[in-house]
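# sequence below, structure please.
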Amino acid sequence: MPVRTKEEYLEGLRDGREVYYKGERIDDVTSHPATRGMIETQGELFDLQHDPEYRDLLTYESPTTGDPVSIFYKKPRSREDIGERREASKVWMDYTCGMSGRANDFLASGVTGLAMGHDHFTTAERDYGQHILDYYEYVRENDQCMTHALIDPQIDRSKGGSFRLEDEVERPGAIRKTDENEDGIYVSGARMLATLGPQADEILVYPFGFYGEDGDEVLAFACPVDADGLRQICRPQLSHNDKRNHPLSSRFDEMDTFVVFDDVHIPWDRVFVNGDAEIANGWRDREKTAYANLAYHQTAVKDIAKAEFAWGVALMLAESTGIDDYFHVQSKLGEIGIFTEQTRACTKAAEADGYEFKDYFVPEPTYLFTISGSFPDMYPRIIEILRDLGGSGLIGVPAWEDLEADNPLGGDVATYFRGKDMDAQERLGIQKLAYEMAIGGMGSREELYERFYTGGPMRVKSNFYKNHPGTEDYKDRAFQNGLRGADRLTAADEATSDDD
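Numbering: from 1, shown residues only. The predicted structure is shown next:
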């Protein structure tokens, strides 16, 4: 099956999935006000794969059918292939202003990276590695939209790791296997946070932390969103579906859901890890799979697009009132630019220092982990700068309808909301973008989302320290070069040196 169109994607979502919004089940996610905006945008991304301007970049020939399939499933074999992936992701990320953290280029890249290291998952019990290869081919050939749910519910974090609710033995808090038979396993419990959950075709569940021992909570599997017993609970929507006054949130609200698994059956061919802590803990290991190499590379491209977009909005915002002439404002604008170019430089460095992984070629993840450790600090600072540049003016941005009203209202807005060398219509457009990013519900969600995109910021930095391959070399060189010659001085030599 070739890459899907928008209409084919929308039709696939009308499958009776169990999604709840404000206490009521959604009949059709493609038309419900809380979910339809991002579904429209996702559909447009699918259509871009058919656009003559982009299809050669966004697709490649399926190795099994010859049909055009998504480029994000292509296993890279050269530095040029990695650059091609970056260019393709940049098209999608620019289209969504960097606001779509779960566009399908992310998990398509992740699943491809797992398939490249599929042999890591095979055990004496079952060929789970083949399960991954089969699933990779399924989502590639059917152009599936995927999300994941990785975090245990925040019920009692004092217990640490995965946990059991002592008074609800039959209904686990954290997701776990409750039974298995010749056909597969059964899972119950809950996971958060499935970004794009109602708008996706598939949900992936896999380890996000580390496990100290084998157990029935040590799992990785894939599940169709319409599976029996799978329920999603939506948060309140972030927009009013008003594209004119809410240009970002009306199009890019990737609904986040709390996912409940109530005795959900997972067939064996969709199970990738089954109770084995060693395998579960190694799925992001650069020596064992290419998941981190490809997924974090896509994340870096998303971060570039998001920083570039924010920088563009900040530049326009400052120029709209003439404050870009002030030195301290120029410093803040330069700060966003530095963040942007640092992110781009790390991405290019990852490609330049790429290496062979099995029969493939992958970007060096150390530089990509540098981005994942720094962007959670960068992005909130970017938003802080936007708030500073807009000031209290962002609080009272009028509606387009006010500008278009008969006088005196329309004249008032045209007069008092014009900017430096621009009319009120141009300035209001800039303000609405800045409002959405800096103080609107969508903007607040995006800021928190980026803070925890790859886990708690302290955890991400700690993991960078623990897993960096060069720390021993840095220590050795610091000791040898820092004490060069000094370690051979005697106490008398030091005294003479002091007298001199």
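
# mind listing what's buried along stretch 329-337?
Going by neighbour count (16 or more other CB atoms under 10 Å), the buried part of stretch 329-337 is V329, K332, L333, E335, I336. In this view, the C-beta of every residue, glycine as well, is placed from N, C-alpha and C.

# ditto for stretch 94-107
In stretch 94-107, counting by 16+ other CB under 10 Å, buried: 95-107.

# for H468, state which of those residues is nearest.
Ranked by distance to H468 (CB to CB), those are led by F106 at 24.1 Å.

# thought the closest one was touching T299?
Yes. Counting by CB atoms under 8 Å, F106 does reach T299; the two are 7.0 Å apart.

# can you show me the strands along the stretch 201-350 of the chain?
202-205, 219-224, 230-234, 256-267, 271-274 (DSSP state E, counting those that start in this stretch).

# right, and those - which one's nearest V69?
strand 202-205 (15.8 Å).

# how much space between the spatially most central residue of the chain and R427?
Centroid check for the chain by CA atoms, centre = their mean gives G101 as the closest residue, at 3.8 Å. For G101, the distance to R427 (CB to CB, to the nearest Å) stands at 30 Å.

# nearest residue to L196 other than its sequence neighbours?
R102 (3.9 Å; CB to CB, 6 or more residues apart in numbering).

# hmm, I typed the wrong one, I wanted V362.
Per CB to CB, 6+ apart, closest to V362 is N293, 3.8 Å.

# ok, that neighbour - contacts?
Neighbouring residues of N293 by CB atoms under 8 Å, 6 or more residues apart in numbering: G113, R286, F357, V362, P363, E364, P365, L368.

# the last one belongs to a helix?
Yes. Counting by DSSP: H, G, I helix; E, B strand; the rest coil, L368 is found in a helix.

# surely it meets A290?
No. Assessed by CB under 8 Å, L368 is found out of contact with A290, at 11.8 Å.

# just the mean pLDDT for the helix ranked longest in the chain, thanks.
Ranked by residue count, the top helix of the chain under DSSP state H comes out as helix 291-320. For helix 291-320, mean pLDDT rounds to 98.

# off-centre distance for that helix?
12 Å (CA atoms, centre = their mean, to the nearest Å).

# next one: stretch 107-126
20 Å.

# now stretch 398-405
Taking mean C-alpha positions (CA atoms, centre = their mean), stretch 398-405 and its chain are 35 Å apart.

# quick check: buried residues in it?
Going by neighbour count (16+ other CB under 10 Å), the buried part of stretch 398-405 is P398, D402, L403.

# CA atoms only: put that stretch into CSV for me.
The C-alpha trace of stretch 398-405 is given here as CSV (Å, rounded to 0.1, in the frame of the first residue of the first chain):
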residue,chain,number,x,y,z
PRO,A,398,-8.0,42.3,20.4
ALA,A,399,-9.9,40.0,18.1
TRP,A,400,-9.8,40.4,14.4
GLU,A,401,-13.5,41.1,14.5
ASP,A,402,-12.8,44.3,16.5
LEU,A,403,-10.5,45.6,13.7
GLU,A,404,-13.2,44.7,11.1
ALA,A,405,-16.1,46.3,13.1
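
# contacts for it?
Contacts for stretch 398-405 (CB under 8 Å, 6+ apart): R244, N245, L409, G410, V413, A414, F417, A424, Q425, L428.

# quick one: end-to-end length of stretch 95-115, please.
28 Å (CA to CA, to the nearest Å).

# can you give me the helices for the stretch 301-450 of the chain?
327-352, 365-390, 400-404, 409-416, 424-438, 441-451 (DSSP state H, counting those that start in this stretch).

# pLDDT-wise, which helix or strand of the protein ranks last?
helix 491-499 (a mean of 61; mean pLDDT, DSSP states H and E).

# give the contact list for the nearest residue to Q298 once chain neighbours are set aside.
If the residues on either side of it in the chain are set aside, Q298 comes closest to S109, at 4.6 Å by CB to CB, 6+ apart. S109 makes contacts with F72, R85, L294, A295, H297, Q298, as judged by CB under 8 Å, 6+ apart.

# what secondary structure does S109 sit in?
helix.

# per-residue pLDDT of it, please?
S109 is given a pLDDT of 98.

# now do E426 against E319, distance only.
Relative to E319, and taking CB to CB, E426 is found at 11 Å.

# hmm, I was thinking of E447
E447 is 24 Å from E319, by CB to CB.

# ditto for S250
From S250 to E319 the distance is 25 Å (CB to CB).

# now A115
47 Å.

# between these two, who's got more neighbours?
Taking neighbours as other CB atoms under 10 Å, A115 and E319 compare with A115 leading, 22 against 19.

# and I439, what is it in contact with?
Counted by CB under 8 Å, 6+ apart, I439 has contacts R387, L394, I395.

# the helix or strand harbouring A194 packs against which elements?
Using DSSP states H and E, A194 maps to strand 184-195. Applying 3 or more CB pairs under 8 Å, 6 or more residues apart in numbering; DSSP states H and E, we find strand 184-195 packed against strand 146-148, strand 176-181, strand 202-205, strand 219-224, strand 256-267, strand 271-274.

# so what does the fifth one touch, helix or strand wise?
Where contact means 3+ CB pairs under 8 Å, 6+ apart, strand 256-267 is packed against strand 184-195, strand 219-224, strand 230-234.

# of all the ones you listed, which lies closest to D325?
D325 lies closest to strand 184-195 among the helices and strands packed on strand 256-267, at 40.4 Å (CB to CB).

# and the closest one, what's buried?
Applying a neighbour-count criterion of 16+ other CB under 10 Å, the buried positions in strand 184-195 are G184, I185, Y186, V187, S188, G189, A190, R191, M192, L193, A194, T195.

# quick one: the fifth one and G173 touch, right?
Meaning S188. No. Applying CB under 8 Å as the test, S188 and G173 come out as separate, 9.9 Å apart.

# now for these two: what residues contact both?
Here S188 and G173 have no joint contacts, going by CB under 8 Å, 6+ apart.

# verify the stated contact: E308 with T340.
Yes. Using CB under 8 Å, E308 is in contact with T340, at 5.7 Å.

# can the strands of the stretch 201-350 of the chain go into CSV with extra columns for mean pLDDT?
Shown next, in CSV, are those (pLDDT from 0 to 100):
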stretch, mean pLDDT
strand 202-205, 97
strand 219-224, 97
strand 230-234, 98
strand 256-267, 97
strand 271-274, 97
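
# any stretches of the chain with poor pLDDT?
Across the chain, the ranges flagged by pLDDT under 70 are 157, 159-172, 487-500.

# quick one on the thing from earlier: type out the ChimeraX command that picks the buried ones from the contacts of I439.
In ChimeraX syntax, the buried subset of these is picked out as below (16+ other CB under 10 Å):
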select :394
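
# between the contacts of I439, which is nearest E217?
Using CB to CB, the contacts of I439 come closest to E217 at R387, 41.6 Å.

# roughly how far does the closest one sit from G98?
For R387, the distance to G98 - CB to CB - is 18 Å.

# one more: Y449?
In terms of CB to CB, Y449 sits 11 Å off from G98.
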